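Enquirer: All I have is the shape, not the residue letters:
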């Protein structure tokens, strides 16, 4: 999964629906009007009022968190919607992996072994996003859960 992002409206759509679709928005680089260039930025927020987008938040590959006005952005090169496991930004990748694994554990505890269809669909989305290898050796998540998810045939259209 790597889908092109074509504008701030796409940024907003992906960021506001992260839980439903997973993934992150990562670009090759972002260049500001001041000449600063940040490599592998991951976009975390976009603010708007009415129909006007006015600021963008991102984290660089060095862990620099920035919020910039859209007028201060010179270029954003190759923004893509990617799975967390496919990110180039290792700093944010580690943060997001940890966050998603913690969420998966809370979800697993809340479900209490019932393995309902909505639970399995959400777990499958998380596992597809972070990769099975990141949780295979986790002692808190049961092997039964991983088997259920791998055997569950969830069909996605479009």
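Expert: Thanks, I have the structure now. This structure is a prediction, so every number in the text was calculated from the model and none was measured. Numbering: from 1, shown residues only.
Enquirer: Most distant residue from the centre of this protein?
Expert: residue 34 (28.2 Å; Cα atoms, centre = their mean).
Enquirer: Ramachandran coordinates for that residue?
Expert: For residue 34, the backbone dihedrals (degrees, to the nearest 10) come out as phi -70, psi -10.
Enquirer: Let's see the pLDDT reported for it.
Expert: pLDDT for residue 34: 95.
Enquirer: Contacts only, for the residue lying closest to it once chain neighbours are set aside.
Expert: The spatial neighbour of residue 34 that comes closest, neighbours along the chain excluded (Cβ to Cβ, 6 or more residues apart in numbering), is residue 72 at 7.5 Å. In short, each C-beta sits where N, CA and C put it, glycine included. Shown in contact with residue 72 (Cβ atoms under 8 Å, 6 or more residues apart in numbering): 32, 33, 34.
Enquirer: Including distance to residue 41, could these go into a markdown table?
Expert: What follows is the contacts of residue 72, written out as a markdown table (distance: Cβ to Cβ, whole Å):
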| residue | distance to residue 41 |
| --- | --- |
| 32 | 11 |
| 33 | 15 |
| 34 | 15 |
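Enquirer: Out of the residues you listed, flag the one nearest to residue 104.
Expert: Distance to residue 104, by Cβ to Cβ, is smallest for residue 32 among the contacts of residue 72, at 35.8 Å.
Enquirer: roughly how far apart are the closest residue to that closest one other than its chain neighbours and residue 5?
Expert: Leaving out its chain neighbours, the residue that sits closest to residue 32 by Cβ to Cβ, 6+ apart is residue 72, at 5.5 Å. Counting by Cβ to Cβ, to the nearest Å, the separation of residue 72 from residue 5 is 19 Å.
Enquirer: Can you tell me what sits against the top helix by length along the chain?
Expert: Longest helix in the chain by number of residues, with DSSP state H as the criterion: helix 90-111. With contacts defined as Cβ under 8 Å, 6+ apart, helix 90-111 is touched by 24, 42, 59-63, 84-85, 87, 119, 122-123, 126-127, 129-130, 134-135, 138, 140-142, 145.
Enquirer: after that helix, next one along is what?
Expert: helix 117-130 (DSSP states H and E).
Enquirer: Thanks a lot, catch you later.
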